[in-house]
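Colleague: One predicted model, sequence on top.
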Amino acid sequence: MSIDRLDWDTLRVFRVVAELSSMSAAAARLGESPPTISRKIDELEKSLGTHVFLRSTRGVELTDLGKQVLRHVHSMADAAETLRRETASTGAVVTGSITLRTGDGLGPYWIAPRLSQFHKANPKVQVRMIVGDTEPDLQGEDAQIAISFSESRPKGVIAHKLGVQHYVGLASAGYLAEFGKPENIHDYHKHRCILHTSYVHQVERWAPRMSELRRMMDFAFITNSSTAIAETCAKGGGIGILPSFMSVLDPRLVPLELPEFAPVRFWINYTERVRRLPQGMALIDWLRLLFESPEAIWFADDFIHPRDYQDKVQELPLPETPGHPNLPRAGGLPRGGGIIR
């Protein structure tokens with residue numbers, strides 16, 4: 001391999017192509033022509049003496065060696081960013097993009113509505129949110145930061161517990177008026193119940209009796225969309241198993257006067273490389289503060305029934321958090337629907 005033929009411009013092009021999985025998309029972002037991008041990738045592969053991409057009509061995909069090269073290029077970019085930051089004036093604005101992967105409950109319903117608070121403190125940071133059920137490859141290009149419901153993680157991934165998501169039964173007032181309400185948790189099997197596909201993979205971590213109950217229940221609707229569950233419940237489609245905070249976010253959803261269905265812990269995951277990025281550290285710190293705020297009592301270890309939410313909020317202090325203007329304050333949620341007694 002001829003090291004002399006490697007230059008940062010070529011590696012920069014390689015990094016963008018890897019990120020977008022497309023030479024034409026990379027050309028558009030970099031303001032170059034597709035033939036120029038293709039030529040630079042050809043030069044890189046010639047210098048390395050091997051292919052870094054597998055080409056197809058759908059775009060390009062990193063080879064195993066290409067993934068190794070990308071890790072080194074990331075390190076070079078991080079070093080350049082560190083040099084820029086350390087030589088820049090104090091108080092420089094954090095810039096750049098950062099990718100967060102999360103499930104379709106916490107991401108769209110809890111984090112996204114509060115991102116404006118993050119951007120007030122970090123107006124030049126672009127946050128890319130990818131919503132999905134699968135565990136991302138933080139060592140690859142799936143995401144840079146992930147919120148995970150799994151305790152297992154590969155070597156090199158840092159994890160901090162964010163909280164516990166408590167699942168409860170929710171339904172519309174119309175459904176409960178027509179079909180009645182479960183008197184206890186074992187009455188769920190008498191009703192049309194709705195389940196998220198990701199819960200199927202979490203069932204091993206539920207309490208043993210909940211796992212057994214889940215197998216007894218006849219689910220009328222199973223989907224990979226929390227929005228689909230919420231909308232189906234709101235229109236009288238049955239009892240949805242959803243995070244407890246959904247009953248306050250959507251007043252059409254009535255929480256049942258029953259114990260929680262299951263508690264599931266979740267973590268924030270990232271690598272040391274991402275933590276060293278200014279935009280990475282900014283988002284990591286903000287997310288951890290978000291789930292430590294008084295408003296986030298939904299995610300405490302101890303289950304708080306939705307009926308008790310407003311009373312709990314009144315009991316909590318409302319800190320000004322002068323060092324963190326992007327930290328959410330308690331009491332920011334609308335008042336939810338009534339409790340079926």
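Modeller: Thanks, I have the structure now.
Colleague: Nearest residue to residue 301 in space, please, no chain neighbours.
Modeller: Counting by Cβ to Cβ, 6 or more residues apart in numbering, residue 164 is the residue found nearest to residue 301 once chain neighbours are left out, at 5.6 Å. Heads up, the C-betas are built off the backbone N, CA and C, glycines and all.
Colleague: can you count the residues close to residue 239?
Modeller: Per other Cβ atoms under 10 Å, the neighbour tally for residue 239 reads 29.
Colleague: let me fix that: residue 301
Modeller: Burial of residue 301 is recorded as 10 neighbouring residues (other Cβ under 10 Å).
Colleague: Please enumerate the helices of the protein.
Modeller: Ranges of helices within the chain are 8-20, 23-30, 34-48, 64-87, 115-121, 173-179, 197-202, 208-216, 226-234, 246-249, 272-276, 278-290, 309-315, based on DSSP state H.
Colleague: So which elements touch the third one?
Modeller: It refers to helix 34-48. If you count contacts as 3 or more Cβ pairs under 8 Å, 6 or more residues apart in numbering; DSSP states H and E, helix 34-48 packs onto helix 8-20, helix 23-30.
Colleague: Could you export those helices as TSV, including mean neighbour count?
Modeller: Shown next, in TSV, are these (neighbours: other Cβ atoms under 10 Å):
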stretch	mean neighbour count
helix 8-20	18
helix 23-30	18
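Colleague: May I see these arranged in JSON lines, with mean pLDDT as well?
Modeller: What follows is the helices and strands packed on helix 34-48, written out as JSON lines (pLDDT from 0 to 100):
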{"stretch": "helix 8-20", "mean pLDDT": "85"}
{"stretch": "helix 23-30", "mean pLDDT": "85"}
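Colleague: How about the contacts made by the residue nearest to residue 301?
Modeller: 263, 264, 265, 266, 299, 300, 301 (Cβ atoms under 8 Å, 6 or more residues apart in numbering).
Colleague: ok so, going back, between the helices of the chain, which gets the lowest average pLDDT?
Modeller: Least confident of the helices of the chain, judged by mean pLDDT, is helix 208-216 with a mean of 57.
Colleague: Could you give the number of residues near residue 41?
Modeller: So residue 41, with other Cβ under 10 Å, has 22 neighbours.
Colleague: Identify each buried residue in stretch 222-241, please.
Modeller: Neighbour counts over stretch 222-241 (16 or more other Cβ atoms under 10 Å) mark 226, 228-230, 232-234, 236-241 as buried.
Colleague: likewise stretch 159-174?
Modeller: 162, 163, 164, 165, 166, 167, 168, 169, 170, 171, 172.
Colleague: what bridges to the residue nearest to residue 301?
Modeller: Here residue 164 sits in beta bridges with residue 265, going by DSSP bridges.
Colleague: if we can go back for a sec, reformat the helices of the chain into CSV and put distance to residue 189 next to each item.
Modeller: Converted to CSV, these look like this (distance: least, Cβ to Cβ, whole Å):
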stretch, distance to residue 189
helix 8-20, 48
helix 23-30, 50
helix 34-48, 58
helix 64-87, 47
helix 115-121, 39
helix 173-179, 13
helix 197-202, 16
helix 208-216, 5
helix 226-234, 17
helix 246-249, 22
helix 272-276, 44
helix 278-290, 36
helix 309-315, 28
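Colleague: do you know which of those helices lies nearest residue 104?
Modeller: Of all those, helix 226-234 sits nearest to residue 104, with 4.8 Å by Cβ to Cβ.
Colleague: Just the CA trace of that closest one, in PDB.
Modeller: Extracted as PDB, the C-alpha positions of helix 226-234 are listed here (Å, rounded to 0.1, in the frame of the first residue of the first chain):
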ATOM      1  CA  SER A 226     -46.900   2.700  19.100                       C
ATOM      2  CA  THR A 227     -48.900   5.300  17.200                       C
ATOM      3  CA  ALA A 228     -51.000   2.500  15.700                       C
ATOM      4  CA  ILE A 229     -51.700   1.100  19.200                       C
ATOM      5  CA  ALA A 230     -52.600   4.500  20.600                       C
ATOM      6  CA  GLU A 231     -54.900   5.300  17.700                       C
ATOM      7  CA  THR A 232     -56.600   1.900  17.700                       C
ATOM      8  CA  CYS A 233     -57.200   2.200  21.500                       C
ATOM      9  CA  ALA A 234     -58.500   5.800  21.100                       C
END
